[in-house]
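>>> Prediction below, plus the sequence it came from.
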Amino acid sequence: MPGSKVVDSWAMVAWVQQEQAAPLVRQFLLDADAGNIELLMSWYNVAETFYTLAKRNSPKIAEEFLSRLQSL
């Protein structure tokens, strides 16, 4: 069974906005996709990510994050 990692809003915002930490978050996503780790994210952090993206960027970017979340 793979190990688990908890993802917070800061990491997801960094990934969406292609900030300095984005490559590390991307690697976690790839590792999860390969079945090497399990990523967990609370609904609170999902909501915080949505709010931050909508405020910093646009509601459209926040909606795109939500639509992609299940496939991540």
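Yep, it's here. Numbering: from 1, shown residues only.

>>> where exactly do the helices run in the protein?
Secondary structure of the chain, counting by DSSP state H: helices at 9-16, 22-33, 43-56, 59-69.

>>> Out of these, which is the most enclosed?
Highest mean neighbour count among those (mean count of other CB atoms under 10 Å): helix 9-16, with a mean of 20. From N, CA and C alone the C-beta is placed, and that goes for glycine too.

>>> Which of the helices of the chain sits closest to residue 3?
Nearest of the helices of the chain to residue 3, taken as CB to CB: helix 22-33 at 9.6 Å.

>>> tell me what the closest one is packed against?
Packing partners of helix 22-33 (3 or more CB pairs under 8 Å, 6 or more residues apart in numbering; DSSP states H and E): helix 9-16, strand 37-40.

>>> Which residue lies nearest the spatial centre of the chain?
residue 12 (3.2 Å; CA atoms, centre = their mean).

>>> Now render the helices and strands packed on helix 22-33 as a markdown table, adding mean pLDDT and distance to residue 70.
Formatted as a markdown table, the helices and strands packed on helix 22-33 follow (pLDDT from 0 to 100; distance: least, CB to CB, whole Å):
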| stretch | mean pLDDT | distance to residue 70 |
| --- | --- | --- |
| helix 9-16 | 96 | 14 |
| strand 37-40 | 93 | 12 |
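
>>> Format the ones you listed as a markdown table; extra columns: distance to residue 26.
Converted to a markdown table, the helices and strands packed on helix 22-33 look like this (distance: least, CB to CB, whole Å):
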| stretch | distance to residue 26 |
| --- | --- |
| helix 9-16 | 6 |
| strand 37-40 | 12 |
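
>>> Where does pLDDT dip in this protein?
1 (pLDDT under 70).

>>> Mind putting the helices of the chain into TSV with distance to residue 3?
Shown next, in TSV, are those (distance: least, CB to CB, whole Å):
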stretch	distance to residue 3
helix 9-16	16
helix 22-33	10
helix 43-56	19
helix 59-69	21
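
>>> among those helices, which is nearest residue 2?
Closest of these to residue 2 is helix 22-33, at 8.2 Å (criterion: CB to CB).

>>> give the contact list for residue 10.
Contact analysis of residue 10 by CB atoms under 8 Å, 6 or more residues apart in numbering lists residue 21.
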